[in-house]
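**Q** with the input below, show me the fold.
(one chain, ligands or ions: 2)
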Amino acid sequence: MSENPITTPYRGRFAPSPTGPLHFGSLIAAVASYLEAQQQQGAWLVRMEDVDELRNVSGAADDILFTLDAYGFEWDGEVMYQTRRKQAYAEAMDKLVDQHLVYRCTCSRRELRENAIMGDYGLIYPGFCEHKDHPAHKEHALRLRTSQQPHEFNDQIMGLFGQNLKQDIGDFIIRRRDGLFAYQLAVVVDDAFQNISHIVRGFDLLDSTPRQIYLQQCLAYPAIEYAHLPIAINAKGDKLSKQTGARGIGKKPDVAMLVDSLKFLGQQPPDNLARASLPTVWQWALENWKLDAVPRQPKILHRD
Ligand code: GLU
Ligand code: ZN
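**A** Ligands and ions are numbered 1, 2, ... in the order given. So this is what the prediction gives:
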């Protein structure tokens, strides 16, 4: 008999894009997803989201893994790389095509900038190509037909959030014009493949979540719980990221920075913890972590 063994109920993950070294913003997502998974006695996986090959920086993936390891994060199983998952994405795409949910789009960025309405989450795709039936030889992106139905979910930190995908986003790209699969498709296929039950990540991805839930439903994947964390911004109001020039967190573990990330996440470490050893910090964090204490605030200023 080969029934499934008891599966871990909680499976979380950290999914960095290898576009540069880890910085304070990504440390926050790593710390929170890790502590929550540990506290739930679950698994914690690391996935390299290198699906957007044009943005990958050579050496960054190894650099991130080295840093995570140096800080004392322990992940379960092998690190998954999206660049090795194209077959799985193509199969998921076929399932969507079979359901007549996909169509070819030849609109250029410029055409959309000039003709589409700017919504709360970016340009809303107006469905220009929906009935055009462009031939396959014309260079095209593939879009997923959305619905008018509201897609709502209850975020563990931010509370109820929903979108009407057709009105708020429009039919969205699942394979780009350059042939690369879109993040939205890849992340959903991978989370399902890795049996992820809980996603803890930055607030900047909150507005992608209804698209991802919709894709899960189209592909008949199980539902996932979400917790979106406040993101760290600089004085100009930009998200701390590689693009805005946030400092890398360095390859040697910086205990004070780790303690700072706990404070940022609303935890209340004692003052002397910033001078303690790395294992002491983790021990305190594991014993005292409270997801409930994370501020329900989209953005928090952080001196970088
Ligand atoms: N790879 C994404 C990023 O680094 C995170 C995606 C996710 O957590 O779903 O922003
Ligand atoms: Zn189009």
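
**Q** surely A235 meets H302?
**A** No. With contacts defined as Cβ atoms under 8 Å, A235 does not count as touching H302, sitting 9.4 Å away. Placement of C-beta: from N, CA and C, glycine included.

**Q** quick one, which of the two is more surrounded?
**A** The residue with more neighbours, out of A235 and H302, is H302; 19 against 9, by other Cβ atoms under 10 Å.

**Q** how much space between the more buried one and ligand 1?
**A** Separation of H302 from ligand 1 (Cβ to the nearest ligand atom, to the nearest Å): 17 Å.

**Q** and that residue, what is it in contact with?
**A** 24, 232-234, 240, 264 (Cβ atoms under 8 Å, 6 or more residues apart in numbering).

**Q** and these, which is closest to ligand 1?
**A** Nearest to ligand 1 out of those is L240 (Cβ to the nearest ligand atom; 12.0 Å).

**Q** next, count neighbours for that closest one.
**A** L240 is flanked by 21 other residues according to other Cβ under 10 Å.

**Q** same question, the one 4 residues further on
**A** Burial measure for T244: 15 neighbouring residues, criterion other Cβ under 10 Å.

**Q** repeat for A92
**A** Quick note: A92 (other Cβ under 10 Å) scores 24 neighbours.

**Q** do the same with the one 3 residues further on
**A** Taking other Cβ under 10 Å as the criterion, the count of residues near K95 is 13.

**Q** what average pLDDT does the host helix or strand of it get?
**A** K95 belongs to helix 86-98 when elements are defined using DSSP states H and E. The average of the pLDDT scores along helix 86-98 is 98.

**Q** and for stretch 202-212?
**A** For stretch 202-212, the mean pLDDT works out to 97.

**Q** endpoints of it, how far apart?
**A** Criterion Cα to Cα, to the nearest Å; first-to-last residue distance in stretch 202-212 is 15 Å.

**Q** buried ones in it, by neighbour count?
**A** Neighbour-count burial for stretch 202-212 flags 202-203, 205-212 (criterion: 16 or more other Cβ atoms under 10 Å).

**Q** just the ones in helices from these, please.
**A** 209-212 (DSSP state H).

**Q** need those in CSV with distance to L68, can you?
**A** Shown next, in CSV, are those (distance: Cβ to Cβ, whole Å):
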residue, distance to L68
T209, 24
P210, 30
R211, 28
Q212, 24
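
**Q** in space, what's closest to the one residue in the stretch 201-304 of the chain that gets nearest to ligand 1 - neighbours in sequence excluded?
**A** Residue nearest to ligand 1 within the stretch 201-304 of the chain (Cβ to the nearest ligand atom): R201, separated by 3.7 Å. The shortest distance from R201 to any non-neighbouring residue, by Cβ to Cβ, 6 or more residues apart in numbering, is to A29 (5.3 Å).

**Q** ok, that neighbour - contacts?
**A** With contact taken as Cβ under 8 Å, 6+ apart, A29 is in contact with 14, 200-202, 229.

**Q** against S108, how distant is it?
**A** From A29 across to S108, the span is 33 Å (Cβ to Cβ, to the nearest Å).

**Q** farthest pair in the contacts of H302?
**A** Spanning the widest gap among the contacts of H302 are N234 and F264, at 13.4 Å by Cβ to Cβ.

**Q** and the two? Which one has more around it.
**A** Each of N234 and F264 has its neighbours counted (other Cβ under 10 Å); F264 has more, 22 against 17.
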